[in-house]
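> Dropping a prediction and its sequence here:
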Amino acid sequence: MTTSEQLFEKAKTLIPGGVNSPVRAFRAVGGSPLFIKSAKGPYLYDEDGRQYIELINSWGPMILGHAFEPVEKAVRDAIQYSFSFGAPTRKEVEMAELITAMVPSVEKVRMVNSGTEATMAAIRVARGFTGRDKIIKFEGCYHGHGDSFLIAAGSGAMTMGVPDSPGVTKATAADTLTAPYNDLAAVEVLLENNQNQVAAVILEPVVGNMGCVLPEPGFLEGIRSLCDKYGTLLIFDEVMTGFRLSKGGAQERFGITPDLTTMGKIIGGGMPVGAYGGRADIMNQVSPAGPIYQAGTLSGNPIAMSAGMAMLHYLNEHPEVYTRLETIGDKLVNGFRKGLQKAGLNYTINHIGSMFTLFMTGRPVSNFSDAKSCDVPLFGRYFHAMLDRGVYLAPSQFESLFLSIALTDDLVDQIIQANEESLLEVIK
Ligand SMILES: *Cc1c(COP(=O)(O)O)cnc(C)c1O
């Protein structure tokens, strides 16, 4: 047994399923998860001393590579002044200033500790502001593990085959209406049939959590105008896409202005941070400015703010990061396509910037049911073949890959080579 396997056996006796977040358990690809000891730049190192090229990057935050020096230094500098005060700090003001500058639709922002907290708070605010109870979400979109969102949810919920979790009450589920992604007509029907009842439409403006799925031309614009027509707020869940698809997120890239935005992942530079924000008139309803309650003992934590701010500062001041990510993304995806054609496999690659998914299906993937047409066992074999060649992919067909600027051209070539060899191995 490897050290990772030993640790996993022990973990399973102490932690449900041996992990603190389901997808990590490798159930969707089979086998035993790697226990990670350290990481630097483009590389992960496991407890068995093996090295892997990173294509997940902590599910997004490590967009500049692991232990990026300016972020590491900011954390080191901050630590000497104590770790938490539970009182306001200068850093929170600077962080808010930075976020509102980078994402102009966010006029006011509140810091929380995870993406889940951000989305839970955002719908509470939407409900409080509009006086309406229902929300619309899309099948296969994941917005964290809040009760209201565990209805036709993506990511781990999809991988584990439990889209509707026990413990979510019928009353909660009844307030969550769902539509297929990219289906404007379905949204219009829901809004028409639930007039003056829908507080918000929440979506991933580019989906990462059923694999990478792009909005079709006109979809985001259409949702924006339907929301305006029915007095419903539009919430962009940019926990994944924020600061990744451009420095202003998907909303900058697609030129759509949501009413509220949720953020996470990159915003903490690897520390547990989330945020929600948007129109000032809406955010002014949040306590103590207004009556909608939301709080957090460790929210705006000074160490977390230091890491996040160092990361956002760097992204804000180095637009070449995004150009480089586009180049790496294009090069990798083109290389993958060549390998796939050589192997003669039916496939679909969805790609935007530094996010992409190789779907093991010949069908175009523009929603949840398309994604479910994938050959999941084939993906599992491919995943392990890549792992054997030192490339760490997301351990599920229904996730996006996340690139970092730590990937050199040489490493990109190595990944392309590993992809071709892995595909030829798994089709045998
Ligand atoms: C990861 C994710 C979340 C949840 O964030 P956590 O920090 O894991 O709670 C919410 N929405 C989207 C789009 C995500 O990708």
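Yep, that arrived. As the structure is a computational prediction, the values presented were derived from the model and not from experiment.

> Run a quick neighbour tally on the closest residue to the ligand within the stretch 301-428 of the chain.
Proximity of the stretch 301-428 of the chain to the ligand (CB to the nearest ligand atom) peaks at residue 400, 8.8 Å away. The C-beta positions use only the backbone N, C-alpha and C, and glycine is treated the same way. When counting by other CB atoms under 10 Å, one arrives at 28 neighbours for residue 400.

> That one touches residue 211, doesn't it?
Yes. Residue 400 is within contact range of residue 211, at 6.3 Å (criterion: CB atoms under 8 Å).

> Now do the shared contacts for the two.
residue 357 (CB atoms under 8 Å, 6 or more residues apart in numbering).

> ok, now which ones touch the nearest residue to residue 219 once chain neighbours are set aside?
Distances taken as CB to CB, 6 or more residues apart in numbering put residue 182 closest to residue 219, at 5.3 Å, once the chain neighbours are dropped. Residue 182 makes contact with 213, 215-216, 219, 366-367 under the criterion CB under 8 Å, 6+ apart.

> same thing with residue 151?
Residue 151 touches 137, 163-164, 168, 173, 176, 178, counting by CB under 8 Å, 6+ apart.

> Then residue 366?
Residue 366 neighbours (CB under 8 Å, 6+ apart): 181-182, 213-214, 216.

> Mark which of the contacts of residue 182 are buried, thanks.
213, 215, 219, 366-367 (16 or more other CB atoms under 10 Å).

> Take those and lay them out in JSON lines including distance to residue 310.
As requested, the buried ones among the contacts of residue 182 are exported to JSON lines (distance: CB to CB, whole Å):
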{"residue": "213", "distance to residue 310": "31"}
{"residue": "215", "distance to residue 310": "31"}
{"residue": "219", "distance to residue 310": "35"}
{"residue": "366", "distance to residue 310": "37"}
{"residue": "367", "distance to residue 310": "38"}
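
> Turn the residues you listed into TSV, columns for distance to the ligand and secondary structure.
Below are these laid out as TSV (distance: CB to the nearest ligand atom, whole Å; DSSP: H, G, I helix; E, B strand; the rest coil):
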residue	distance to the ligand	secondary structure
213	12	strand
215	14	coil
219	16	helix
366	17	coil
367	16	coil
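
> any chance of these in JSON lines, plus distance to residue 111 and pLDDT?
What follows is the buried ones among the contacts of residue 182, written out as JSON lines (distance: CB to CB, whole Å; pLDDT from 0 to 100):
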{"residue": "213", "distance to residue 111": "29", "pLDDT": "98"}
{"residue": "215", "distance to residue 111": "28", "pLDDT": "98"}
{"residue": "219", "distance to residue 111": "30", "pLDDT": "98"}
{"residue": "366", "distance to residue 111": "34", "pLDDT": "98"}
{"residue": "367", "distance to residue 111": "33", "pLDDT": "97"}
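
> quick one: pLDDT of the closest residue to the ligand within the chain?
When scored by CB to the nearest ligand atom, the chain has residue 115 as its residue closest to the ligand, at 2.1 Å. Residue 115 carries a pLDDT score of 98 in this model.

> if I pick it, what's in contact with it?
Taking CB under 8 Å, 6+ apart as the test, what residue 115 contacts is 143-144, 237, 239, 262-265, 274.

> element containing residue 39?
strand 36-40 (DSSP states H and E).

> and the closest residue to residue 50 other than its chain neighbours, backbone torsions?
Nearest residue to residue 50, sequence neighbours excluded (CB to CB, 6+ apart): residue 390, at 7.4 Å. Note on residue 390: backbone dihedrals following degrees, to the nearest 10 are phi 80, psi 20.

> let's have the chain start at 59 instead
Got it, the first residue is 59 from now on, which makes the last one we talked about residue 448.

> contacting residues around residue 448?
108-111, 472, 476.

> now for those, which pair is the farthest apart?
108 and 472 (14.9 Å; CB to CB).

> Would you tell me which residues of this protein are close to the ligand?
172-174, 177, 200-202, 262, 266-267, 295, 297-298, 322, 332 (CB under 6 Å from any ligand atom).

> Contacts only, for the residue of the stretch 359-486 of the chain closest to the ligand.
266-267, 269-270, 298, 413-415, 452.

> and what of residue 387?
Applying CB under 8 Å, 6+ apart, the residues near residue 387 are 409-414, 461.

> Next, format the residues you listed as CSV and append pLDDT, neighbour count and secondary structure.
Listed next are those as CSV, based on pLDDT from 0 to 100; neighbours: other CB atoms under 10 Å; DSSP: H, G, I helix; E, B strand; the rest coil:
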residue, pLDDT, neighbour count, secondary structure
409, 98, 20, strand
410, 98, 21, strand
411, 98, 19, coil
412, 98, 25, coil
413, 98, 25, strand
414, 98, 21, strand
461, 98, 26, coil
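
> tell me the two of these that are most distant?
Pairwise over the contacts of residue 387, using CB to CB, the maximum falls at 410 and 461, 11.3 Å.

> picking up where we left off before, residue 60: which of the contacts of residue 173 is nearest?
With CB to CB as the yardstick, the closest approach to residue 60 among those comes from residue 323, at 29.2 Å.

> which stretches of the stretch 209-358 of the chain form helices?
214-217, 228-232, 242-251, 277-288, 307-312, 338-341 (DSSP state H, counting those that start in this stretch).

> Near residue 200, how many other residues are there?
28.

> Now name the helix or strand holding it.
Using DSSP H and E, no helix or strand contains residue 200.

> wait, isn't it in contact with residue 211?
Yes. Taking CB under 8 Å as the definition, residue 200 is a contact partner of residue 211 at 5.2 Å.

> Find residues that contact each of those two.
What both residue 200 and residue 211 touch, as defined by CB under 8 Å, 6+ apart, is the set residue 267.

> Mind telling me what element residue 362 is part of?
helix 360-375.

> report the angle between the axes of the very next helix or strand once past that helix and helix 360-375?
Using DSSP H and E, the helix or strand that follows helix 360-375 in sequence is helix 378-401. Angle, helix 378-401 to helix 360-375, by axes from the mean of the first three to the mean of the last three CA atoms, to 10 degrees: 80 degrees.

> Looks like residue 408 contacts residue 417 (just checking).
Yes. Between residue 408 and residue 417 there is a contact at 6.9 Å, judged by CB under 8 Å.

> Compare the two (neighbour count), which wins?
Of the pair residue 408 and residue 417, residue 417 is the one with more neighbours under other CB under 10 Å, namely 25 against 22.

> what's near enough to touch the closest residue to the more buried one other than its chain neighbours?
Computed as CB to CB, 6+ apart, the closest residue to residue 417 that is not its neighbour in sequence is residue 406, at 4.4 Å. By CB under 8 Å, 6+ apart, the contact set of residue 406 is 416-417, 419-423.
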